[in-house]
Structure formats: C-alpha cells, structure tokens
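**Student:** coords please:
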Amino acid sequence: MIEESDIVPLLEPREGVPPVVTDAAGLAEATRALAAGTGPVAVDAERASGYRYSGRAYLVQIRRAGSGTVLIDPVGLSGLGELAAALDGAEIVLHAATQDLPCLTELDFRPRALFDTELAGRLLGYERVGLGTMVENVLGFRLEKVHSAADWSTRPLPMEWLRYAALDVELLVELRDALHQELADAGKLEWAREEFAAILAAPPSAPRADPWRRTSGIHRVRSVRGLAVVRELWTLRDRIAREADLAPGRVLPDAAIVTAALEMPRTTKALTEIPAFTNRAARRHLRDWLNAISRARMLQDARLPQPSGPGDGPPPANRWADRDPAAAARLTAARAAVAALADEHRLPTENLLQPDVVRRLTWDPPEDISEEGIATRLRELGAREWQIALTARPLSKALLRLKTKA
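**Tutor:** Numbering: from 1, shown residues only. Sure thing, here's the model as predicted:
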C-alpha cells in the first residue's frame, strides 16, 4: 500500500489540455496521429447522466503512447468508425467498460481487444475499484473526481472540465500495465482475459419487461390500482423525458409518482399539494398527469397490473423457504461454497460466479449433479471456463451432501 505522504496530486496533463476535435478534418488528423502511436489505447467517455434522457457520449478521451491525448466532441460528427478501423487490433483500455461500451458502440467504436482496469481490480481483490482510488493505490497519483457528475452536454465545455477529462486517460495505460503484472503474478491473467472477451461478446441488453416496476419506492404501493397509477405516470413521464431529452427524474422524481399512487389526487389543487408536481418541468403537464391518474383509476380489473412482474427466472430468494424448502437449502449450501472459494481466491463472490447463475442452478438443478453435470449446467447458464473450473466440484459436493441427507 502506498503511503499517504507519497501520493502526488495529478493536476495537469503532461502535454497540457489539447484542443477539442469538433469536425471531420480534426478527426481525420487525430486518427492519423493515434494510428501512428504504439501499444494499448486508453479510452474514456463522458455522458450527461442525470441531465439527459439519452446515454450518448458528449466527450470521448483517447490517449496512446507516441500520440498523446485527443479530446473528441462527437456531437457534430457522424461517428468514430474510421478511427476504430485505424486502431483495429490495438487493445482498448477502459475503466468499467460496461458503462462506456454502449455509448461508444453508438459512435461505431467497437473494440476488438479489451482491458478493463475496474474488472481487473475486482479480480485482484481490491476493495475499492473506482478509477481515482485505483490510480492512487496502484500508481501513487491522486486524481480529482470533482466533475464526474457534471452535465457534459454543456457547450462550450469549461476548460477545467476538459482538464479533468484529459487526466482521466493520462495514466490509464500505466494502470493497465501494473494490473496486468499483478494478474500474472496472482495466476489470474487468464481469468481476466476470459472476462474481457465475455464483455466484448455480450449481446446488447434486452429491453426490460415492465421497466416502470423499477420506480424507487414502489414497494410502498400495495394495491394493484396504485400500481396502475405508477405505470401510467411512469409511462407518461418517460415519453415527456424522451421527447425533451431530459433525465426522467428532472421531469418528475420517482417519489412524486409513488406519492400520487398512494394519494390518487382527483384535482389540480390536490395534485399540486405534492411538491414535486409544482416544479417547472412537471407543472407544464398538470392536466396530463391528472388524466393519467384518472385512466388508472378507471381501468377494468383485467387490465390492472399484477402485483409481481413477469420473469423467466426463479422467484426472489426470500420466498424460496415457503415455496420450495429443498431449493432454499440448495441455495444456502451453494452460496456458502461460492463464498468460501471467493474468500480463498481474494475476489468478490459475484465475480467468482454471478448470483443469478447460482440461483438458477439451485432452483432448477440438473438431474446429474456430479461435477461434470454441474459443469455442463454452469456452461449453459453462461459461466466462464475459469469459473466452472473453480466452482463445479465444490458445488457438486455441496449438492450431493444435501441429497445424501434427504
């Protein structure tokens, strides 16, 4: 561990803050420069989460040895496909790749090879894996993360934001190199390579069924009529937010939707007694909110939402003991086996084997619960080969012990 007194604040990029690329000519020049560089390519993207509806990138930062740092404003560009082609074959270094890959894919920037420094940190057992913490603990430099939640759709972008953005990729390749060596020393490099390949091979996330059910605080709504209000208000808010390109919470917070579902106001006066309905964005649509609540109130029973949403997986684990005590016992035994292995190998249990895989395995186990049978089932559920090699035998033993006792 690096001592606090030895940590150096990182305040300025080595070559200063580069000008922002905003047009095709600038992008072509940046592409030539980056293609002439060597080694892995550090990439980061800034979105406007919490401000805008879309998850698009509003700034892309790229750094490569021999090329320096490039800052790209993609808003007025047709995409980054030519840049991606020029870097084809180079390893792309991202921190928390699953967060940035969707918006990079929208720009036609699709890595062929990946190193994820956050995931590497998890596999190595680091307790805190944020970029700033990792750079500090591994390299001894302190990054200021003061603008991580900024509205990156702002134009022009302030110079201090651009400096912050450039520093995010300043040491990313150096961090990658240090973690690569730690993974090799720990015998975990192949694990990491399988994980990185799985990220790149993963299909786009399917749309959620009943996304309105993720409204924060919905557990307070106990009636199906109240759930109908949540559904109507959520759907209306989503349409308004999408059309205005505003984060839904800036149109109407979840707490206001839940309160309206509990109180079911019938008049504008009653609706505006819920404070959030008086903010500027929500107030423009008071009649629409009331109409949505009225629609929910008048729905026929057959069109009311069910208390629980559709799903293709097992029920929530806290219901297993009542619904299937044998499955609950299998889950407890499997979780204990995975936790012991994770502790032995110094990594989070969810990285050793995803919780959903453990639930599905134990809710509907294969007839053959030998090591080979469990390995086959884990493979069907999407577990990586390194995960199967570590967990198939202990899981088989745990389930066989339960079967013997039954």
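
**Student:** And stretch 275-285, end to end?
**Tutor:** 14 Å (CA to CA, to the nearest Å).

**Student:** buried set for that stretch?
**Tutor:** Judged by neighbour count using 16 or more other CB atoms under 10 Å, the buried positions of stretch 275-285 are 276-277, 282, 285. Quick note: C-beta positions are derived from backbone N, CA and C, even for glycine.

**Student:** need the contact list for the closest residue to residue 212 other than its chain neighbours.
**Tutor:** Spatially, and ignoring its direct neighbours in sequence, residue 212 is nearest to residue 234 (3.7 Å; CB to CB, 6 or more residues apart in numbering). Residue 234 sits next to 211-212, 215, 257 when contact means CB atoms under 8 Å, 6 or more residues apart in numbering.

**Student:** nearest to residue 367, of these?
**Tutor:** residue 211 (36.1 Å; CB to CB).

**Student:** gap between the closest one and residue 59?
**Tutor:** 28 Å (CB to CB, to the nearest Å).

**Student:** which of those two has more neighbours?
**Tutor:** residue 59 (23 against 13; other CB atoms under 10 Å).

**Student:** quick one: low-confidence parts of the stretch 51-200 of the chain?
**Tutor:** Within the stretch 51-200 of the chain, no range satisfies pLDDT under 70.

**Student:** related to what we said a few turns ago, same question for the helix or strand hosting the residue nearest to residue 212: list its buried residues.
**Tutor:** Following DSSP states H and E, one finds residue 234 within helix 224-244. By neighbour count on 16+ other CB under 10 Å, the buried set for helix 224-244 is 225-234, 236-237, 240-241.

**Student:** The helix or strand following that helix - contacts with which helices or strands?
**Tutor:** Where DSSP H and E defines the elements, the next helix or strand beyond helix 224-244 is helix 248-251. Here helix 248-251 touches helix 224-244, helix 280-283, going by 3 or more CB pairs under 8 Å, 6 or more residues apart in numbering; DSSP states H and E.

**Student:** Restrict stretch 217-226 to CA atoms and write it as PDB.
**Tutor:** Output in PDB follows, covering the C-alpha atoms of stretch 217-226 (Å, rounded to 0.1, in the frame of the first residue of the first chain):
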ATOM      1  CA  GLY A 217     -40.200   3.300  -3.500                       C
ATOM      2  CA  ILE A 218     -42.700   1.300  -5.400                       C
ATOM      3  CA  HIS A 219     -42.700  -1.300  -2.500                       C
ATOM      4  CA  ARG A 220     -44.900   1.200  -0.600                       C
ATOM      5  CA  VAL A 221     -47.700   0.800  -3.200                       C
ATOM      6  CA  ARG A 222     -49.700  -2.200  -2.000                       C
ATOM      7  CA  SER A 223     -52.800  -2.100  -4.300                       C
ATOM      8  CA  VAL A 224     -53.000  -3.100  -7.900                       C
ATOM      9  CA  ARG A 225     -54.900   0.200  -8.600                       C
ATOM     10  CA  GLY A 226     -52.000   2.100  -7.100                       C
END
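
**Student:** Off-centre distance for that stretch?
**Tutor:** Distance, stretch centre to chain centre, for stretch 217-226: 27 Å (CA atoms, centre = their mean, to the nearest Å).

**Student:** now do stretch 271-280
**Tutor:** For stretch 271-280, the distance to the chain centre is 32 Å (CA atoms, centre = their mean).

**Student:** Ok, stretch 276-288 next?
**Tutor:** On CA atoms, centre = their mean, the centre of stretch 276-288 falls 31 Å from that of its chain.

**Student:** Name the surrounding residues that touch that stretch.
**Tutor:** 236, 240, 244, 246, 250-253, 255-256, 259-260, 268, 271-272, 289.

**Student:** Show me the one of the helices and strands packed on helix 248-251 that comes nearest residue 381.
**Tutor:** helix 224-244 (31.0 Å).

**Student:** what about residue 354, neighbour count?
**Tutor:** Neighbours of residue 354 (other CB under 10 Å): 17.

**Student:** so where does the nearest residue to residue 124 once chain neighbours are set aside fall, helix or strand?
**Tutor:** By the measure of CB to CB, 6+ apart, the closest residue to residue 124 outside its immediate chain neighbours is residue 182, 5.5 Å from it. Assigned by DSSP H and E, residue 182 falls within helix 172-185.

**Student:** and what of residue 42?
**Tutor:** Taking DSSP H and E as the definition, residue 42 sits inside strand 38-46.

**Student:** buried stuff in whichever helix or strand comes after that strand?
**Tutor:** As assigned by DSSP H and E, the chain's next helix or strand after strand 38-46 is strand 59-65. Using 16+ other CB under 10 Å as the test for burial, strand 59-65 gives 59-64.

**Student:** Check which element follows strand 59-65 along the chain.
**Tutor:** strand 68-72.

**Student:** how far out from the middle of the chain is the following helix or strand past that next one?
**Tutor:** Remark: after strand 68-72, the chain's next helix or strand is helix 81-86, criterion DSSP H and E. Computed by CA atoms, centre = their mean, the chain-centroid distance of helix 81-86 equals 25 Å.

**Student:** So which residues make contact with the helix or strand following helix 81-86?
**Tutor:** Of the helices and strands lying after helix 81-86 in sequence (DSSP H and E), the nearest is strand 91-94. Strand 91-94 has contacts (CB under 8 Å, 6+ apart) with 39-44, 100-101, 111, 113-117, 172-173, 176.
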